[in-house]
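Trainee: the following comprises the amino acid sequence and a computationally predicted model.
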Amino acid sequence: MTFPVFVEACQGQFTAQLVGAPAVQVVGTTRDQALAGLRAAIRERLRTGELTLLEIEPLGISDLAGTYRDDPTLREICDEAYRLRDAERQP
C-alpha cells in the first residue's frame, strides 16, 4: 500500500505525518528515521484496525444528476430553449 506522507524539517529534526490523519506523526533526527517511525506507526494501526472505503450518498441537488437523462420531455424543453436562444442571437 502507498500512503501520502508529509515530511517537514524543523529545528534540526524531521516530522513525518500521514496526510489526512494529523495524529499519526513521528519526529526523528533524520528524514529516514522519521519515515521509518511513521511506517511502523502505520503498520501498527493497520494491524489493530481496518482500512476500508465508505460510500456516502450525495445530498441535495446532486441526487438529481442523471435522473432525467432518458426523459423525452427534457429533450423537448432543451431544444426549445436552444431554439429561443439562437433566435435572440439573430440580427
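Mentor: Nice, I can see it.
Trainee: so Ile56: helix, strand or coil?
Mentor: With DSSP: H, G, I helix; E, B strand; the rest coil as the basis, Ile56 sits in coil.
Trainee: measure how buried it is and give me the count.
Mentor: The number of residues packed near Ile56 is 5, by other CB atoms under 10 Å. All C-beta spots, glycine's among them, are computed from the backbone N, C-alpha and C.
Trainee: measure it to Gly49 for me?
Mentor: Separation of Ile56 from Gly49 (CB to CB, to the nearest Å) stands at 20 Å.
Trainee: equivalent analysis for Arg39, please.
Mentor: Remark: distance between Arg39 and Gly49 (CB to CB) = 16 Å.
Trainee: helix or strand for the residue nearest to the spatial centre of the chain, which one?
Mentor: Compute the mean C-alpha point of the chain, and by CA atoms, centre = their mean the closest residue is Gly20, 10.1 Å away. Here Gly20 sits in a region with no helix or strand, counting by DSSP states H and E.
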